[in-house]
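Q: Got a sequence here, can you model it:
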Amino acid sequence: MLRRVIEWSVANVLIVVLFVIAAAAGGVYAVRRTPLEALPDLSDVQVIVQADYNDQAPRIVEDQVTYPIAAEMIKVPGAHTVRGYSYFGVSFVYVIFSDGTDLYWARSRVMEYLNGIKGKLPAIVTPTLGPDATGLGWVYQYSLEDTTGTLNLAELRSIQDWNLRYALTGVPGVSEVASIGGFEKQYQVDIDPTKLLAYGIPVTRVMSAIQGANNDVGAMTIELSEREYMVRGLGYLKSMTDIENVVVGATRDGTPIRVAELGRVSIGPAIRRGIADLDGRGDAVGGIVVMRSGQNALTTINNVKTKLAEVGKRLPHGVVVTPVYDRSTLIEQAIETLKGKLLEESIIVALVCVIFLFHAQSALVAIITLPVGILMAFIGMRVVGVGADIMSLGGIAIAIGAMIDGAIVMIENMHKHLERAVLAKEGGHANDATRARSFNASVLTSAERWNVVVESSKEVGPALFFSLLIITVSFLPVFSLEGQEGRMFKPLAFTKTFSMAAASLLSVTLVPVSMGLFIRGRIFRERANPLNRVLVRLYRPMIEFVLGHRGPVVLAAAVAVILTWVPWTRVGSEFMPPLVEGTILFMPTTLPGIPVARARELIKQQDSILKNFPEVAHVWGKAGRATTATDPAGLDMIETSISLKPTEQWRAGLTYDGLVSAMDSAVRMPGVTNAWTMPIKGRIDMLATGIRTPVGIKIFGPDLSELERIGKEVEQSVQ
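A: I've put the predicted structure just below:
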């Protein structure tokens, strides 16, 4: 069948050329539409349930909210892990699903089960779903600064919440924009308990009165002068005076009791559970852009930047937006590095073809299959939804060398057939042909040359096709990997398989046609190439020795294989090689219960020290949680993003590990445990294990005091 395919391809050159052009055009289209990322998204399919239970202690939140929700989520189809976190006033339940589960199907199932337990939760608790994002959704972070010094933190936070946040939420690909830092503006009523006691009014009545007063109500309609009028009451509170005038009750003689008689109304900040700092300068306001699952990270970030530039023109004078974490830099650097390596490989392959074949037109046949095969691989990537990242493009890089093997063998075989055909037509002798350095293929007619193409291709084409097919299926076992391993290595297996499959198809279609179109003119014989002669002289005695001493050679090979066991047992292992992301994530932890003021002092002190390193561009410190369900952090958990300058601007001889070591020594403080990682790697670890490091110890039990005792013993043992 493959021989008939070769014959059909040579007989229908125009159709084959049009097919190649169409495949190349489709590949270019796929390249433009393929999502770009630095690494494959290793996140599990997760749905986050957030439930606010304002002003309640963590233990109450755990018993009344987290436990009922987590117990119900265990019953959700496809859920294999449920993690619950209880903090002051808020509960988070993470429902992690099996591989292959559709995210939006999972969200609908979780919502369905949540509707069934609303009666088991406190009346004021309404659980909501977190953003439709993965664990790696934090793609862009920024700080909001006032260079004039006229705006306070509350005003900056209002600009973030009511201007930037809503503008960026509408950007395609953005799931959520979370706010962090500053002060959230509140109207606060400070009640005097003695006055409540004197008037005999409970505090709940004051709350109900204010809630009821801050409302619009509708009534019936009335008809006057043949016109209909809608009757409604306008009750929204607009100022502190309106709140002060809210009537809570009345005295025995009918005198209204207003809020002003019971306490003081003022404007103040909400209780803060998260703070931020920029470059050690103190409190700051910022935002976190969370990307929707499955979106193109690079496109989303560029759209966010465009929107920020547009909205920035409408911000108050002196207010500027400073990016503190931008993943697009890493993505572009990773893709550019791989594109450069792919180009280098292609150039090297082209040079090798020219050097060994000694015929530029013949080398062109092999070279032309590379871009066509790669573009066809991108079509396959687009069909199965594989994005362009280090792993997927790495699969193409691995396949490049093998992709042109078949073409080179077919070219060399055609050279031999052309040599015999020219010799037969000119009536020469074999000795004359051996002594001649080259021969002229132009003496053959077009029909004779195409006949040589068919015969030479049919002789080796089927065998080459199956050899390439064997390489194609060699990565099929990788598709059996599951979990993070599957998400990491399947993109590489896909692209390697697609590239080799394309090369196999082109070897029996495009290569014969290209040989007929390009291989003509004067062709040098193999012996005319001095490099070939040198290699043959080295090869002959070696192969003769090996074949003459078969037993010792096989024994030596077996001993070498056995000896590899020694270094194998001593070599360490890692799930994935470390990727220097250009940003360091410094994650120190301190004792639970740290107050906001102390946490602010701590991150300010640490950030100011880190900013003094000349390799650092910006330091963005965050303690506590942002207003997003993807950030279940307490004030004792600090996340500091350290954006680094390009390595060309680093001090001479300083490495990444050396920089981290120097930073670690500089920021060591009593009561603080340092941890150093990178943003993507850190979030992968946290999602996989529920903790912030690759290795940790979890202790379970119903007694908190006993857990604390065991935890201290474990800490001392593993210190």
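Q: C-alpha from now on. contacts and neighbour counts both.
A: OK.
Q: ok, the closest residue in space to A57 that isn't next to it in sequence - contacts?
A: Once flanking residues are discounted, A57 sits nearest to F88: 5.1 Å by C-alpha to C-alpha, 6 or more residues apart in numbering. Counting by C-alpha atoms under 8 Å, 6 or more residues apart in numbering, F88 touches N54, D55, Q56, A57, P58, V61.
Q: isn't the third one right next to G89, touching?
A: Spelled out, that is Q56. Yes. Taking C-alpha atoms under 8 Å as the definition, Q56 is a contact partner of G89 at 4.9 Å.
Q: backbone phi and psi for the residue nearest to M230 when sequence neighbours are not counted, please?
A: Closest residue to M230 apart from its sequence neighbours, by C-alpha to C-alpha, 6+ apart: T221 at 4.6 Å. Backbone torsions for T221, taken as degrees, to the nearest 10, come to phi -110, psi 150.
Q: May I ask which of the contacts of F88 has the most neighbours?
A: V61 (24 neighbours; other C-alpha atoms under 10 Å).
Q: Low-confidence ranges, this structure, go.
A: Scanning the chain for pLDDT under 70 picks out 426-436, 574-577, 687-690, 692-694.
Q: Tell me the residue in it that is farthest from the middle.
A: Note on the chain: the largest C-alpha distance from the chain mean falls to D253, namely 68.9 Å (C-alpha atoms, centre = their mean).
Q: show me what contacts it?
A: Here D253 is in contact with no residues (criterion: C-alpha under 8 Å, 6+ apart).
Q: farthest-separated two in the contacts of F88?
A: Spatial extent of those (C-alpha to C-alpha) is set by the pair N54 and P58 at 10.6 Å.
Q: quick one: common contacting residues for the two?
A: Joint contacts of N54 and P58 (C-alpha under 8 Å, 6+ apart) are F88, G89, V90.
Q: which among these gets closest to I396?
A: Once C-alpha to C-alpha is applied, the member of the shared contacts of N54 and P58 that ends up nearest I396 is V90, at 46.9 Å.
Q: bridging residues for the closest one?
A: Beta-bridge pairing of V90 under DSSP bridges involves D52, Y87.
Q: if I read this right, it contacts A57, doesn't it?
A: No. Between V90 and A57 there is no contact under C-alpha under 8 Å: 9.1 Å.
Q: Tell me which helix or strand the closest residue to A209 other than its chain neighbours sits in.
A: Distances taken as C-alpha to C-alpha, 6+ apart put V248 closest to A209, at 5.7 Å, once the chain neighbours are dropped. Assigned by DSSP states H and E, V248 falls within strand 247-250.
Q: for the residue nearest to A57, phi and psi?
A: Dihedral angles (degrees, to the nearest 10) for F88: phi -60, psi 110.
Q: going forward can the numbers begin at 13, since that is how I track them
A: Noted, 13 is the first residue going forward, which turns the last one into F100.
Q: Next one: it from Y65, what distance?
A: Separation of F100 from Y65 (C-alpha to C-alpha, to the nearest Å): 8 Å.
Q: Common neighbours of the two, please.
A: V73.
Q: By residue count, which helix of this structure is the longest?
A: helix 339-369 (DSSP state H).
Q: Any buried residues in the helix or strand following that one, and which?
A: Scanning forward in sequence from helix 339-369 by DSSP H and E, the next helix or strand is helix 372-396. Neighbour-count burial for helix 372-396 flags 372-382, 384-394 (criterion: 16 or more other C-alpha atoms under 10 Å).
Q: packing partners for helix 372-396?
A: Judged by 3 or more C-alpha pairs under 8 Å, 6 or more residues apart in numbering; DSSP states H and E, helix 372-396 is in contact with helix 25-45, helix 339-369, helix 402-415, helix 417-438, helix 495-519, helix 522-530.
Q: And the helices in the stretch 113-262 of the chain, which stretches?
A: Ranges of helices in the stretch 113-262 of the chain, per DSSP state H, counting those that start in this stretch, are 115-127, 165-171, 177-181, 205-211, 215-225, 252-256.
Q: To Y337, which of those helices lies closest?
A: helix 177-181 (15.9 Å).
Q: Buried residues, the closest one. List them.
A: R177, A179, L180, T181.
Q: Show me which of those residues is closest to I86.
A: Checking these one by one against I86 (C-alpha to C-alpha), the nearest turns out to be T181, at 31.7 Å.
Q: just to revisit the earlier point, and the residue nearest to M242, what does it touch?
A: E240, Y241, M242, V243.
Q: quick one: which of the residues you listed sit in strands?
A: The strands, defined by DSSP state E, take in E240, Y241, M242, V243 from these.
Q: on that earlier part again, quick one, which of the helices of the stretch 113-262 of the chain is nearest to I300?
A: Once these are compared by C-alpha to C-alpha, helix 177-181 is nearest, at 9.2 Å.
Q: If we only consider the ones in strands among the contacts of T233, which is nearest to E344?
A: Using C-alpha to C-alpha, the ones in strands among the contacts of T233 come closest to E344 at M242, 59.3 Å.
Q: Pull the number of nearby residues for the closest one.
A: M242 has 10 nearby residues by other C-alpha under 10 Å.
Q: roughly how far is whichever helix or strand comes after the strand holding V260 from the heart of the chain?
A: Going down the chain from strand 259-262, the next helix or strand is strand 268-270, by DSSP H and E. Taking C-alpha atoms, centre = their mean, to the nearest Å, the mean C-alpha location of strand 268-270 is offset from the chain mean by 58 Å.
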